[in-house]
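**Q** coordinates for the following, if possible.
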Amino acid sequence: MGDFNIDLLKSEISDYSQNFLLSLQCYSFFPVIDKPTRVYNNSATLIDNIFLNRFDHKISGGNIVSDISDHYSQFCFIHSLIPKNFTAKHKIRDYSNFSEECFINDVLDTDWDNSMTYGSVDKCFSSFYNKFNKLINKHAPLKILSRRKAKQFSKPWITKGLRKSIKIKNRLFYSGDISKYKLYRNRIVTLSRLSKRLYYEAYFTTNLRNVKKTWEGINELLNRQRNRKNSISPSTL
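**A** Below is the predicted model:
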């Protein structure tokens, strides 16, 4: 926000104003104020503004007219509800001690025929599911993720390799070697941005003819996701 000294009322006829507006829109910033902010004699210009890149809440703004200055003051209201304390736990399967051989042996030793003796298809499936789920929980139990790790898993472009690099970066931070830490951190930031760009390029190419998926991707990029109880699948590695 501030006095940019660039008249947005002339954005359709002035390349300078248009380029300024486009450069902000590249980063998803849009003006809140659309009325003149400086009125002097016979001229009216829109040179003071507030730019936002979050539109997941109701937003209203305008000018406060006063004779203190020939520049009006601007205001912006962001109408948002105070979020309730989020207590949902993010869980994933722990495959660190998983043995494929032991799992297969337990599957072979399980009496599956008993699950097919019920007269109802729903009951048969329920019996099968409960037995299979019990085996899964035995060999790959669910574990609760920390908030930091849950945040990483919610970003599909954060690959397994990047997660390992983030762990190394964190160790460097606590080692006290600031120069090494900053160098490694900057590399991770560059790789993360590249990974994110490649992920969304592939996503939009794959869903080129799927309008629903395309808008889901756009909303993710603009951080306008719907509130979900748990966005991480329990089977996520």
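
**Q** buried residues, the longest helix seen in the chain. List them.
**A** Longest helix in the chain, counting residues (DSSP state H): helix 178-206. Buried positions in helix 178-206, judged by neighbour count with 16 or more other C-beta atoms under 10 Å: Tyr181, Tyr184, Arg185, Ser192, Ser195, Tyr199, Tyr200, Tyr203. Yep, even glycine has a C-beta here, placed from its N, CA and C like the rest.

**Q** which of those residues lies closest to Thr159?
**A** Closest to Thr159 out of those is Ser195 (6.3 Å), distances taken as C-beta to C-beta.

**Q** OK, contacts around the closest one?
**A** Residues near Ser195 by C-beta atoms under 8 Å, 6 or more residues apart in numbering: Trp157, Ile158, Thr159, Leu162.

**Q** next: Ser165.
**A** Ser165 neighbours (C-beta under 8 Å, 6+ apart): Tyr184, Arg187, Ile188, Leu191.

**Q** can I get the CA coordinates of stretch 61-80 in CSV?
**A** What follows is stretch 61-80, C-alpha atoms only, in CSV (Å, rounded to 0.1, in the frame of the first residue of the first chain):
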residue,chain,number,x,y,z
GLY,A,61,-12.1,-0.8,0.5
GLY,A,62,-12.4,2.8,-0.4
ASN,A,63,-11.3,6.4,0.3
ILE,A,64,-11.6,8.6,3.4
VAL,A,65,-12.3,12.1,2.2
SER,A,66,-10.8,14.9,4.2
ASP,A,67,-9.2,18.4,3.8
ILE,A,68,-6.0,17.5,5.5
SER,A,69,-4.4,16.7,2.2
ASP,A,70,-5.2,16.6,-1.5
HIS,A,71,-4.5,12.9,-1.2
TYR,A,72,-7.4,10.9,0.2
SER,A,73,-6.6,8.2,2.8
GLN,A,74,-7.4,4.6,1.9
PHE,A,75,-8.9,1.8,3.9
CYS,A,76,-9.5,-1.9,3.5
PHE,A,77,-11.6,-4.3,5.4
ILE,A,78,-10.9,-8.1,5.2
HIS,A,79,-13.9,-9.9,6.6
SER,A,80,-12.8,-13.2,8.0
